[in-house]
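Trainee: only geometry, no sequence info:
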């Protein structure tokens, strides 16, 4: 079995709600790199610059994605350099790309097929719109932030402030248009 197949074998059964979302890998490379770095930093619980299999498994469990531990260890081992205890950011990026290719096809294939960025944005929105009503409430945002282990989740007032920063019509929720404007307005420094 090649690396692509082993990556897919570990991930596919671990997803509790059917097929993975295309929002797993957004097509904007520089923006994706910033997001991936944030994910890496979240998963690297002890801040040593490496993600061990234990840290990765804990992060996946917190997100409700239960991975086969042995399969995860075998897959990760293929990306850990000799002498390292875990994945460094470059290794994590390579693993992420392999997962994306194994699950969704290569970025080149998606571009050739005319992949729709708006569709991906809607998929990303759905991650936060937990109840599926078309809006992201402070409670929903707090729930997702808690799953990610972010400290902002500890204060509903902080989460409400985050909502207010993008809530153009002042209804206390973020609709898709507001979410899309926020995401398109993110500038990427040094990318």
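Mentor: Okay, I see it. Since the structure is predicted, the reported quantities are computational estimates derived from the model, not experimental observations. Residues are numbered from 1 along each chain as shown.
Trainee: which strand or helix spans residue 131?
Mentor: Using DSSP states H and E, residue 131 maps to neither a helix nor a strand.
Trainee: residue ranges with poor pLDDT in the chain?
Mentor: The chain contains residues with pLDDT under 70 at 1-32, 101-117, 184-191.
Trainee: which residues in it form helices?
Mentor: Using DSSP state H, the helices found in the chain span residues 3-11, 29-43, 53-62, 69-77, 89-104, 107-112, 117-128, 138-147, 156-164, 176-184.
Trainee: save these as a markdown table, and put in distance to residue 170 and mean neighbour count too.
Mentor: Placement of C-beta: from N, CA and C, glycine included. Output for the helices of the chain, formatted as a markdown table (distance: least, C-beta to C-beta, whole Å; neighbours: other C-beta atoms under 10 Å):
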| stretch | distance to residue 170 | mean neighbour count |
| --- | --- | --- |
| helix 3-11 | 40 | 17 |
| helix 29-43 | 27 | 15 |
| helix 53-62 | 33 | 17 |
| helix 69-77 | 44 | 16 |
| helix 89-104 | 37 | 18 |
| helix 107-112 | 37 | 12 |
| helix 117-128 | 19 | 15 |
| helix 138-147 | 13 | 18 |
| helix 156-164 | 8 | 15 |
| helix 176-184 | 11 | 15 |
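Trainee: any chance of those in TSV, plus distance to residue 83?
Mentor: Conversion of the helices of the chain to TSV gives the following (distance: least, C-beta to C-beta, whole Å):
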stretch	distance to residue 83
helix 3-11	20
helix 29-43	20
helix 53-62	16
helix 69-77	13
helix 89-104	12
helix 107-112	31
helix 117-128	36
helix 138-147	33
helix 156-164	41
helix 176-184	39
